[in-house]
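What would the 3D arrangement of this be:
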Amino acid sequence: MIQIKDTLVSLDLIERYFVCDLDACLGQCCVDGDAGAPLAPGEAEKIKEVLPLVENELAPRALEEICREGASYIDPDGDEVTQIVDGRDCVYTCYAPGGKCLCALERAFREGRIPDVKPISCRLYPVRVKEYSGFTAVNLHRWKICHPAETLGRKLGIRAYQFLKGPLIARFGQEWYDELALAADEYLKQFPTK
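As a prediction, this is how the structure comes out:
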């Protein structure tokens, strides 16, 4: 672990190569799992505001779930998360030709139809952030569906912290990221990884 301000950062974030390879994984992180995406305070309200602008892109079962249960729920750990369908698919998923899973919120943002309301936990993935008393843990979640991302990252020579620069800055700030990048450079000089 490396300490950056009040965070403890897993060395995996520095050592591991990572670049999302959507053509290989087809966006499985949005449809596999046992809970929805964690939501930061206020994110559910922002999503509800733009929901009418994306609802025609959601699956009918997803809309039914949102109407019946709401846009989010509290999971067994006490965290607010996005609603899911059939115990797995995020309600905000939509599909492109070939079965590629996309985020309706992100697509609408990229098309200029809504502000950026995609949950920060989704933008940060595979980074997972956990708040503790006195510090925040920043870990890299390793999952078999992300093996293509590790392969592509290695091929391109891009580490996870570099690939996730934008979301990390959005969550922790530019100064925090600059400190992380400097610490990563120093660490990799001392402990180069293959």
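
going forward, measure contacts and count neighbours with C-alpha atoms only.
OK.

Now find how far off-centre stretch 179-194 is within its chain.
Chain-centre distance of stretch 179-194: 24 Å, with CA atoms, centre = their mean, to the nearest Å.

list the buried ones in that stretch?
Across stretch 179-194, burial judged by 16 or more other CA atoms under 10 Å covers 180-181, 183-184.

Enumerate every residue touching A183.
For A183, the contact set (CA atoms under 8 Å, 6 or more residues apart in numbering) comprises I2.

Quick check: it vs C25, distance?
A183 sits 31 Å away from C25, going by CA to CA, to the nearest Å.

returning to what we had before: can you redo the buried residues of stretch 179-194 as CSV with secondary structure?
Below are these laid out as CSV (DSSP: H, G, I helix; E, B strand; the rest coil):
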residue, secondary structure
L180, helix
A181, helix
A183, helix
A184, helix
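
Do you know the pLDDT at the nearest residue to F163 once chain neighbours are set aside?
Nearest residue to F163 in three dimensions, chain neighbours excluded: V19, at 6.1 Å (CA to CA, 6 or more residues apart in numbering). If you check V19, the pLDDT there is 96.

what about the helices in the protein?
Under the criterion DSSP state H, the chain contains helices at 12-15, 22-25, 43-54, 60-69, 104-110, 120-124, 147-156, 160-163, 165-172, 174-190.

quick one: buried residues of the fifth one?
Translated: helix 104-110. 104-108.

quick one on the thing from earlier: which of the helices of the chain has the lowest mean pLDDT?
helix 22-25 (a mean of 84).

what distance separates it from the middle of the whole chain?
Chain-centre distance of helix 22-25: 16 Å, with CA atoms, centre = their mean.
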